[in-house]
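In: Pasting a predicted model and its sequence here:
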Amino acid sequence: MSLFEKFLPIKQAREELLSSGINPFHLTIEKILSPTEAMINGRPTILVGTNNYLGLTFHPDCIQAGQEALAQEGTGTTGSRMANGSFASHSDLERAIADFYGMPHAIVFSTGYQANLGVLSALARSGDTILLDGDSHASIYDGCRLGGAEVLRFKHNDVTDLDKRLRRLGDRSRRTLIVVEGIYSMLGDRAPLKEIVEVKKRYGSTLIVDEAHSLGILGKRGRGLAEEDDVEQDVDCIVGTFSKSLGSTGGFGVSAHPEFEFIRYTSRPYIFTASSCPSVVASTRVALRIMRETPQLRRQLWENSRQLYDGLNGLGFSLGAEVGPIIAAMIPSKEQALTMWQGLLEQGVYVNLMIPPATPNSESLLRCSVSAAHTLKQLETIIQSFSNVRTPIEVKS
Ligand SMILES: Cc1ncc(COP(=O)(O)O)c(C=O)c1O
């Protein structure tokens, strides 16, 4: 039996999908037209599955900064910061992130995935314990595994379960890292952070919050859920990504702990990979400034989110309980979700299709991510398209 035979079930599943004429996992965007529109299958399509929350991907200042850096500093860094040295722009971006969070230490990674890998694997090692929310993103799971700590899960957003597990750990709870997300990426629900902080303090554990989907969205300054819930001083480390609200790529960790800096010397995903391209760093830096200076973007995002949530709710779709930029319609079966996803695409609307095993509780979801750049007309078209493709069985009674 060859090593490649393990792919046969995937091959079969893919062939089944293709024979039904639906191929959601090989979608090609033929031409990107704006933060919210692209040509797909030869048709202008509204994008409502991109995590482009603030719509900054085409901001002229970000583009100009990227172009200038490209011309002045070249296409890539060709190595890691540890081996090749940091460009001044990497360190500038770290200072800008640290300043934004009002924390002394920030480390930038090449992706958000690597930020989780790098920070988690450096913090929790063999002999330590990690307690992570069961619905955590794959990068959190992978980062936890990489460090060699014992990894335990608590039930999604269940503070009682977290408390119970910490109690069982006894003295080990002081060497336990609790990992949660600000806004969860699939259903858009938030961590009960205030209660989690109380529990963490009671047991003397360490808490890390992944604000990937809450940076630029929650909090007075857009710093995320920890700011929104006024618990930043009790969170030991925040990680996040530049690939969503800031419209570029890269990730970061920030912390007030003086030892945080030493993660650089022990973190394989920091040491053994090429650092971010100068153009990416430059556009990220400008996007961060724009985000800080333009709270109106955040207000518009919330207005748009309310509009879409109310529209889909009005059609009778089962949605997550919380209004927010991630709006997931729960569809009773995988087959229906596939058909509706395809139907929406044919109507010129692109959403994320999420099906088991990638989803919590084996749900089938049509996941929308709203952007501040969506126009009212686009939002109305999205709602109308959902109405066109639904059948009574897809909506709650
Ligand atoms: C919660 C969370 N953390 C980390 C990441 C990884 O970020 P990136 O795609 O920028 O590597 C994602 C990506 O979707 C995410 O949802």
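Out: Alright, I've got the coordinates.
In: tally of neighbours for the closest residue to T241 other than its chain neighbours?
Out: Of all residues not flanking T241 in the chain, G112 sits nearest, at 2.6 Å (CB to CB, 6 or more residues apart in numbering). (Glycine included, C-beta is placed from N, CA and C.) G112 has 23 neighbouring residues, counting by other CB atoms under 10 Å.
In: Confirm for me that G112 is in contact with S243.
Out: Yes - the pair G112 and S243 passes the contact test of CB atoms under 8 Å, sitting 5.6 Å apart.
In: how about the residue in the chain that the ligand sits nearest to, phi and psi?
Out: Closest residue of the chain to the ligand, CB to the nearest ligand atom: G112 (2.5 Å). Main-chain dihedrals, G112, degrees, to the nearest 10: phi -70, psi -40.
In: In contact with it, which residues are there?
Out: Residues in contact with G112 (CB atoms under 8 Å, 6 or more residues apart in numbering) are S139, A212, V239, G240, T241, F242, S243, K244, G250, G251.
In: now the residues you listed: which count as buried?
Out: Buried members of those, scored by 16 or more other CB atoms under 10 Å, are S139, A212, V239, G240, T241, F242, S243, K244, G250, G251.
In: Redo those as CSV? Include distance to the ligand.
Out: Shown next, in CSV, are these (distance: CB to the nearest ligand atom, whole Å):
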residue, distance to the ligand
S139, 4
A212, 4
V239, 7
G240, 8
T241, 4
F242, 7
S243, 3
K244, 7
G250, 7
G251, 6
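In: Cross those against helices and list the overlap.
Out: S139 (DSSP state H).
In: Give me every residue in this protein lying close to the ligand.
Out: By CB under 6 Å from any ligand atom, the residues of the chain that approach the ligand are 111-113, 116, 137, 139, 181, 185, 210, 212-213, 241, 243, 251.
In: okay, these in a markdown table with distance to G55 and pLDDT next?
Out: Compiled in a markdown table, the residues of the chain next to the ligand are given as follows (distance: CB to CB, whole Å; pLDDT from 0 to 100):
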| residue | distance to G55 | pLDDT |
| --- | --- | --- |
| T111 | 21 | 98 |
| G112 | 19 | 98 |
| Y113 | 23 | 98 |
| N116 | 25 | 98 |
| H137 | 23 | 96 |
| S139 | 24 | 97 |
| E181 | 22 | 98 |
| S185 | 19 | 93 |
| D210 | 22 | 98 |
| A212 | 17 | 98 |
| H213 | 15 | 98 |
| T241 | 16 | 98 |
| S243 | 14 | 98 |
| G251 | 20 | 98 |
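In: Max pairwise distance over those: which two?
Out: Taking CB to CB as the measure, the residues of the chain next to the ligand span a maximum distance of 16.4 Å, between T111 and E181.
In: Give me the more crowded residue out of those two.
Out: Higher neighbour count among T111 and E181: E181, with 27 against 19, using other CB under 10 Å.
In: Hmm, G134 and that one touching each other?
Out: No - with contact defined as CB under 8 Å, E181 does not reach G134; the gap is 11.4 Å.
In: Find residues that contact each of G112 and S243.
Out: G250, G251.
In: Just give me the neighbour total for R153.
Out: Neighbour tally, R153, other CB under 10 Å: 18.
In: Would you mind giving both backbone torsions of L353?
Out: Torsion angles, degrees, to the nearest 10, at L353: phi -90, psi 120.
In: what bridges to it?
Out: Residues in a beta bridge with L353, per DSSP bridges, are L366.
In: what number of residues lie near G247?
Out: 26.
In: That one contacts L54, correct?
Out: Yes - G247 lies in contact with L54 (CB under 8 Å); the separation is 7.1 Å.
In: Mind listing the shared neighbours of those two?
Out: Contacts common to G247 and L54, judged by CB under 8 Å, 6+ apart, are A287.
In: Tell me which stretches of the stretch 51-200 of the chain form strands.
Out: 105-109, 129-133, 150-154, 176-181 (DSSP state E, counting those that start in this stretch).
In: was I right about V239 contacting L117?
Out: No - if you go by CB under 8 Å, V239 and L117 don't touch, sitting 10.1 Å apart.
In: ok, the residue nearest to G320 when sequence neighbours are not counted - contacts?
Out: Spatially, and ignoring its direct neighbours in sequence, G320 is nearest to L187 (4.3 Å; CB to CB, 6+ apart). Contacts for L187 (CB under 8 Å, 6+ apart) come out as D135, G320, I326, A328, P360, L365.
In: go with 7 Å
Out: G320, A328, P360 (CB atoms under 7 Å, 6 or more residues apart in numbering).
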